[in-house]
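Visitor: predicted model and sequence follow; I will ask about them next.
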Amino acid sequence: MDEDGSAWPGWRDATERALYGPGGFFVRERPAAHFRTSVHASPLFARAVAALLLRVDEALGRPDGLALVDVGAGSAELLTGVLAALPDEVAARVAPYAVERSARPAGLDGRIHWAAAPPRGVRGLLFANEWLDDIPVDIAETDEAGEPRYVLVRPADGRERPGGPLSAQDAAWLRRWWPIAGAPGARAEIGLPRDAAWAAAAGSLDAGLAVAVDYAHERAARPPYGTLTGFRDGREVPPVPDGSCDLTSHVALDAVGGGAPLVTQRAALRALGVSGARPPLALASTDPRGYLRGLAAAGEAAELIAPGGLGAFRWLATPVGDACHGLLPTGPEAGPETGAATGSGTGPAGD
């Protein structure tokens, strides 16, 4: 603590208070007012999730009470879109859950259950779109001797200073997933809390599939100085943990999955029917309005699967039980493309 009484917590504690503490950013704000995700880019995203839910439903033997759990639901835009896209017979069996820390929005579909944590013991699909990037994490930076130390921050203005050495657990995570020792000035976001959060979320299912979608990086290509940033009113801003902005960083999604293969959003959405193909030109003369609708849909699809944008997001699929293995593709597209560097995660406050 400074002489003036200013505290210097680690980034994890400072971010937790800034985002989710009393009056925190995600407690008082609706994410859609500040950033745009795949859910907001096009209804095609919700239709693709609906297609995935149908695969899960078939794999589980079409159970009654088929769960659809949206972790970090925001105002439940994704759930609303998926319910609208499902066949009536399936929609009648779906139990939709919005997992959120903020209050339930007024006028929300009465079918949607609102909860602060995922329901336990359900069967179905758990989907977390841009949630993990807003799970608070500590930041490490190597000192002049090349040894990682915690980075402390003053919440009022975002100024930083070196802290103490890492705990044995955090140091072990860095050695395995994001080695920075030996390079003075290197930084890393210690993703252990995200790993634990995903294990708990996926573990809430009795059977089915858990899917995490985020802008991510993998061990072979970690950013040397980390990715922490802020977002407010649709613009990137300095990351100051005073509650005035979102605080987000890219996700070491390979660590979250324990080394399980990842797939790009481009590959995942194409496998779920989002192609970006333009309608045939002949349709312009026989059905002009249909042709224009097809062009608009192609443009929206192109944004969702763009290799250098949203299409470069990573999807992690975690099957729970034996029935839901292989419902999403894996392959070369999951590796070489770089993660998207624009946009903001919406975290537990929404997608």
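Guide: Received the coordinates, thanks. Residues are numbered from 1 along each chain as shown.

Visitor: could you find the closest non-adjacent residue to residue 113?
Guide: Spatial nearest neighbour of residue 113, excluding adjacent residues (C-beta to C-beta, 6 or more residues apart in numbering): residue 97 at 4.7 Å. From N, CA and C alone the C-beta is placed, and that goes for glycine too.

Visitor: quick one: the strands in the stretch 151-300 of the chain?
Guide: In the stretch 151-300 of the chain, the strands defined using DSSP state E, counting those that start in this stretch lie at 160-165, 187-190, 205-214, 229-232, 235-237, 246-248, 263-264.

Visitor: which residues in the protein form helices?
Guide: Remark: helices assigned in the chain by DSSP state H are 11-20, 25-28, 38-41, 43-59, 77-85, 88-91, 168-177, 192-203, 253-256, 265-271, 283-286, 288-305.

Visitor: for residue 121, find the nearest of those helices.
Guide: Closest of those to residue 121 is helix 192-203, at 10.5 Å (criterion: C-beta to C-beta).

Visitor: so where's the protein uncertain?
Guide: Along the chain, the parts satisfying pLDDT under 70 run over 1-6, 30-36, 276-285, 287-288, 290-300, 331-351.

Visitor: which residues touch residue 49?
Guide: Going by C-beta atoms under 8 Å, 6 or more residues apart in numbering, residue 49 touches 78, 81-82, 125, 127, 272.

Visitor: how about the helices of the chain, which one is nearest residue 105?
Guide: helix 77-85 (9.9 Å).

Visitor: what angle do helix 43-59 and that closest one make with each other?
Guide: Helix 77-85 runs at 70 degrees relative to helix 43-59, counting by axes from the mean of the first three to the mean of the last three C-alpha atoms, to 10 degrees.

Visitor: give the buried residues for helix 77-85.
Guide: Neighbour counts using 16 or more other C-beta atoms under 10 Å place 77-83, 85 of helix 77-85 among the buried residues.

Visitor: and it, what does it pack onto?
Guide: Here helix 77-85 touches helix 38-41, helix 43-59, strand 66-71, strand 94-99, going by 3 or more C-beta pairs under 8 Å, 6 or more residues apart in numbering; DSSP states H and E.

Visitor: and the ones you listed as a markdown table, adding distance to residue 7?
Guide: Converted to a markdown table, the helices and strands packed on helix 77-85 look like this (distance: least, C-beta to C-beta, whole Å):
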| stretch | distance to residue 7 |
| --- | --- |
| helix 38-41 | 36 |
| helix 43-59 | 41 |
| strand 66-71 | 31 |
| strand 94-99 | 31 |
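
Visitor: relative to residue 172, which of these is closest?
Guide: With C-beta to C-beta as the measure, strand 66-71 is the member of the helices and strands packed on helix 77-85 nearest residue 172 (26.8 Å).

Visitor: what angle sits between the closest one and helix 192-203?
Guide: Interaxial angle, strand 66-71 versus helix 192-203 (the same axes, to 10 degrees): 170 degrees.

Visitor: how far off centre is strand 66-71?
Guide: Taking C-alpha atoms, centre = their mean, to the nearest Å, the mean C-alpha location of strand 66-71 is offset from the chain mean by 15 Å.
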